[in-house]
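Participant: The sequence isn't on hand, but the structure is:
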């Protein structure tokens, strides 16, 4: 034992290993540890790409109440003019991937997170007032039609028009998307919409149905098809650059918030299902009520931590704001949270951008008092509207009333250019089926598109009414 203990230590050059004075760990090991941590942080700082809305831009700002709507809602955020709160907004494309050019024809996501003393309130909307489907069962097929083909890994115009032609409820959305509204000049020059019908409840427990509108203070400006090609090809980050330049030059993006209000009695006598996401409420019947103004003056200092990891869900509510019997909205309550758990993790709501900054705020959810009384009987009552399958009146009015001459010309040309790319053995079938929908919405629209596609006209296409079982 003595021999062992008395054995001399090997001599090591002092420059080979340095011992940290406090931990006893060599400086080399510390450096190796730091290197590995930095490399791991770099290689793992990637999240799974969003299935839709993958490429986006984000801004922080303020929401300030300008008009009293306390008669409709007891939400403290609307308690009095001058009341304000911090807001985060994420704008995005819908079908594009992370590397997609900003300036492409696409739906634009318009998502807002209001940081209130009662918890966070989210609106996950878009720049069009309607959506492509009203039945959540059709949503996966909609995404599949706009995704890359499993065999070729290419996007297919044929698959997309096949979907449109088989789902006439999409016609209203389709006409808006194929008009110049599908090509906003930047995020600043487009309106935003909550898409769904929501509810507001006041102090007397009276409920009204509402739609949320966010109207750009900069006006609406769109890109024509030639401008789209000129802008998107040389600069794929055109929209992000526009937001950066606008803030640097002092042009703060602003939107005014409005609501349309429908009483429960009005909902029962409304011509269409008031909770159908493919329909609008006409402004002459349900005028806009101004609520407040959104002003965005702050670009996040770390895109990944704030924009990429931001999560939104229509299930995030506050007192005085609730849901509706909208079937698509009901489905989104689950799908958004499930996608976020998969993409960001179980603690996504604890990240800075998603966390309520007020300690002890009692976050309301879809199970709050404003939502629990949406019984199954109510859902069934509104789904039995006699005009449930009228997919043509509103699209026809959009073409004949909302669009002017040059806008109609642009719409027709955009549709013709796209449908000319339909290929395959079922090309004629898809085109003829879609033309039937155009004719039923508006005869002039159908005639012009048919002429552009060199299709001979069948008298059956002129029939306006519910689609046949074959469709």
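Facilitator: Alright, I've got the coordinates. Please read all numbers here as calculations on a predicted model, not as lab measurements. Numbering: from 1, shown residues only.
Participant: what about the helices in the stretch 301-450 of the chain?
Facilitator: 303, 327-343, 369-372, 376-382, 393-397, 405-419, 427-441, 443-452 (DSSP state H, counting those that start in this stretch).
Participant: Out of those helices, which is closest to residue 250?
Facilitator: helix 303 (21.8 Å; CB to CB). The way it works is simple: take the backbone N, C-alpha and C, and place the C-beta from them, glycine included.
Participant: what about residue 255, which helix or strand?
Facilitator: strand 254-263 (DSSP states H and E).
Participant: Quickly list what the residue most central in space within the chain is bridged to.
Facilitator: Nearest to the geometric centre of the chain sits residue 109, at 3.1 Å (CA atoms, centre = their mean). Beta-bridge pairing for residue 109 (DSSP bridges): residue 92, residue 126.
Participant: still on that earlier bit, not counting the strand holding residue 255 itself, show me its contacts.
Facilitator: Contacts to strand 254-263, defined as CB atoms under 8 Å, 6 or more residues apart in numbering, come from residues 63, 66, 69, 72, 191-192, 197, 200, 208-218, 270, 274, 281, 283, 286-296.
Participant: In a strand, residue 199, correct?
Facilitator: Yes. Assessed with DSSP: H, G, I helix; E, B strand; the rest coil, residue 199 lies in a strand.
Participant: Which stretches in the stretch 201-350 of the chain count as strands?
Facilitator: 207-216, 254-263, 288-298, 321-322 (DSSP state E, counting those that start in this stretch).
Participant: Paired strands for the last one, with orientation please.
Facilitator: Sheet neighbours of strand 321-322, with direction, are listed as strand 198-201 (antiparallel) (DSSP bridges).
Participant: Low-confidence bits of the chain, can you list those?
Facilitator: 1-30, 41-45, 230-234, 361-385, 458-471 (pLDDT under 70).
Participant: how about 50 then?
Facilitator: Within the chain, the segments meeting pLDDT under 50 span 1-17, 22, 464-471.
Participant: quick revisit: most neighbours per residue, which of the strands of the stretch 201-350 of the chain?
Facilitator: strand 321-322 (a mean of 25; mean count of other CB atoms under 10 Å).
Participant: any idea how far that strand is from the chain center?
Facilitator: Distance of strand 321-322 from the chain centroid (CA atoms, centre = their mean, to the nearest Å) equals 19 Å.
Participant: Check stretch 388-405 too.
Facilitator: Remark: stretch 388-405 is offset 23 Å from the chain centroid, using CA atoms, centre = their mean.
Participant: Then stretch 146-157?
Facilitator: On CA atoms, centre = their mean, the centre of stretch 146-157 falls 22 Å from the chain's centre.
Participant: What is the end-to-end distance of it?
Facilitator: In terms of CA to CA, to the nearest Å, the two terminal residues of stretch 146-157 are separated by 8 Å.
Participant: who touches that stretch?
Facilitator: 95, 145, 159, 160, 418, 421, 422, 423.
Participant: Look up phi and psi at the closest residue to residue 426 other than its chain neighbours.
Facilitator: Of all residues not flanking residue 426 in the chain, residue 162 sits nearest, at 7.2 Å (CB to CB, 6 or more residues apart in numbering). Backbone geometry at residue 162, expressed as degrees, to the nearest 10, gives phi -60, psi -40.
Participant: Spit out the contact partners of residue 162.
Facilitator: For residue 162, the contacting residues are 145, 426, 430, by CB under 8 Å, 6+ apart.
Participant: hang on, the earlier thing: with residue 137 as the reference, name the closest of the helices of the stretch 301-450 of the chain.
Facilitator: helix 327-343 (8.5 Å).
Participant: What is the distance between the closest one and the centre of its chain?
Facilitator: The mean C-alpha position of helix 327-343 is separated from the chain mean by 13 Å, CA atoms, centre = their mean.
Participant: mind listing what's buried in that helix?
Facilitator: Within helix 327-343, the residues that count as buried by 16 or more other CB atoms under 10 Å are 327, 328, 329, 330, 332, 333, 336, 337, 339, 340, 343.
Participant: likewise stretch 301-308?
Facilitator: 306, 307, 308.
Participant: do stretch 140-151 as well
Facilitator: 142, 145, 146, 147.
Participant: swap in stretch 76-96?
Facilitator: Applying 16+ other CB under 10 Å to stretch 76-96 flags 76-78, 83, 85, 87-96 as buried.
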